[in-house]
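Chemist: okay, structure incoming, though there's no sequence with it:
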């Protein structure tokens, strides 16, 4: 296996894990705000409809699994750092753990 094949396999594996996590979170009954894994970043513009981890504050929906169409720029999935820039339309969003905590607090008030 050459270096490019190994690199592609790692990228595909990381995407599979990220989208699997997004899918399992989307199946939860109540909307949740996911935790930002250490060494990962929020990647906007790459999530399939209903498979996003969350969305920025200006989005038309609140969070997990609520993206209505593919590749919404304000809906994101968490990916290992450095991977987002390698994906077409991928944009690293400046989401911090504090931002996620605030979103979680806002969602708890709505319930």
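Modeler: Received, thanks. Model, not experiment: these values are computed from the prediction.
Chemist: host element of residue 98?
Modeler: Assessed by DSSP states H and E, residue 98 sits inside helix 97-110.
Chemist: how about that helix: buried residues?
Modeler: 99-100, 103-104, 107 (16 or more other Cβ atoms under 10 Å). Where C-beta positions appear, they are placed from N, C-alpha and C, glycine not excepted.
Chemist: could I get the average pLDDT for it?
Modeler: Average pLDDT, helix 97-110: 71.
Chemist: hmm, back to that, a markdown table for the buried residues of helix 97-110, including distance to residue 35?
Modeler: Putting these into a markdown table (distance: Cβ to Cβ, whole Å) gives the following:
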| residue | distance to residue 35 |
| --- | --- |
| 99 | 12 |
| 100 | 7 |
| 103 | 11 |
| 104 | 9 |
| 107 | 14 |
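Chemist: now for those residues, which pair is the farthest apart?
Modeler: Farthest apart among the buried residues of helix 97-110 by Cβ to Cβ are 99 and 107. That separation is 12.7 Å.
Chemist: returning to what we had before: which single one of the buried residues of helix 97-110 is nearest to residue 2?
Modeler: If you rank these by distance to residue 2 using Cβ to Cβ, residue 100 comes first, at 38.8 Å.
Chemist: hmm, residue 56 and that closest one touching each other?
Modeler: No - using Cβ atoms under 8 Å, residue 100 is not in contact with residue 56, being 11.3 Å away.
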